[in-house]
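In: predicted model and sequence follow; I will ask about them next.
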Amino acid sequence: MTTPSSQESVSQPRTTNLRALKARDEGPRLSVGFVLARRFTLCAFANFVDVLRLAADDGDRSRPILCDWTVLSDTMDPVQSSCGITVQPKERLGDPRRFDYIVVVGGLMDETPSLGQAYHRFLHQAADAGVPLVGVCTGAFFLHQVGLLNGYRCCVSWFHHSDFLEQFEGLSPVADQIFVVDRDRLTCSGGVSSAHLAAYLVDKHVGRSQASKSLHIMIIDDALQAEKPQPGLPLDLKTQDPIVQRALLLMQQNIDTPISVQDVALRMGNSKRQIERHFRLALNTSPQAAFLDMRLDLAKHLIEKTQKSVAQIAVDCGFCDSSHLSRMFRRRYGDTPQSFRQSSVVEN
């Protein structure tokens, strides 16, 4: 096992994980128990599990040799994800000390009730036994609801940052990293970041080669460190205004086929004037200008980091054609997309 980094060595867990005392030749080097909240995010769960699955076997036969994992439940009833697909738990909660980590996978903010008392007791038993707890997606919300994040840094999605502050006063959630490791609490923002957090655990307990193997098979180039910024909106568009956040998310979801401010307002149930007023107060700009900034920021990223043609990037970012993109790009960045790409290659 590698030495903990300075990021996770603020203090040691209160109790030694009994499983860690076992000789590793007695079984898998990494064992994970999952608790799935109702309406959990399937993508975040699947990414985490697949890293474990691919790292567990020497080949690609999915045998749980080096890692094992199981979905836990107090009732054994199927758990429905936010996309409607259900997962059947495999084991009852039992003794948390049989796992190296307990992972709580959250989901939709508005449709996720608190976990039941059986889960509360189970998570507290795990914490008391020194079993590290992991919050994936909105799993951090559940860990804090049961009082197990007090005094810890935690990672939340940039889009749920204000929700966390509103519900859990006094905490300072981190919304500009893909995951956070603080002693025996690990949290990530969901999506592909759960794969990187799982790879971090595989690297730590099984080996770097197994972690890299998993990510490469999943067509993920390399493991990202915790400090890697979350993808999302340009920094100058970050705000805690919920109306502006929702509008920005709608824009982001329609970046290749731009929608009008009127359409955004209709989908949100607000008036166009309300949207414009909130943008002006929160960002000192108009919704139209913010949407253009978002599209140009993506275009800049694609020009710098990919080999896509300028014409294709124009389509991907919702511009009429490459000439339209070039005019807007030059107005914003003082250079044409082609010249910007050439200068980026020279610098690298």
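Out: Great, that's in hand. Numbers count the residues shown, from 1 in each chain.
In: for the protein, which segments count as strands?
Out: 30-36, 67-73, 79-80, 86-87, 91-92, 101-105, 133-136, 179-182, 185-188 (DSSP state E).
In: which one of these lies closest to Ser214?
Out: Taking CB to CB as the measure, those were each checked against Ser214, and strand 67-73 came out nearest at 9.6 Å. (Glycine included, C-beta is placed from N, CA and C.)
In: wait, doesn't Cys154 sit right on His144?
Out: Yes. With contact defined as CB atoms under 8 Å, Cys154 reaches His144; the gap is 7.3 Å.
In: and those two? which has more neighbours close in?
Out: Cys154 (25 against 22; other CB atoms under 10 Å).
In: got phi/psi on the more buried one?
Out: As for Cys154, its main-chain torsions (degrees, to the nearest 10) stand at phi -140, psi 150.
In: tell me how far it lies from Pro173.
Out: When CB to CB, to the nearest Å is applied, the distance between Cys154 and Pro173 equals 5 Å.
In: shared neighbours of the two, which are they?
Out: Counting by CB atoms under 8 Å, 6 or more residues apart in numbering, the shared contacts of Cys154 and Pro173 are Ala140.
In: ok, back up a step: indicate which one of the strands of the chain is closest to Lys213.
Out: Go through the strands of the chain one by one with CB to CB and the one that ends up closest to Lys213 is strand 67-73, at 12.0 Å.
In: counting contacts, what elements does the closest one pack onto?
Out: Using 3 or more CB pairs under 8 Å, 6 or more residues apart in numbering; DSSP states H and E as the contact criterion, the elements in contact with strand 67-73 are strand 30-36, helix 42-56, strand 91-92.
In: partners of that strand in the sheet?
Out: For strand 67-73, the paired strands and their directions (DSSP bridges) are strand 30-36 (parallel), strand 91-92 (parallel).
In: from the chain's centroid, how far away is the shortest one?
Out: Remark: strand 91-92 is offset 27 Å from the chain centroid, using CA atoms, centre = their mean, to the nearest Å.
In: same question for the first one.
Out: Once both centres are worked out by CA atoms, centre = their mean, strand 30-36 turns out to sit 17 Å from its chain's centre.
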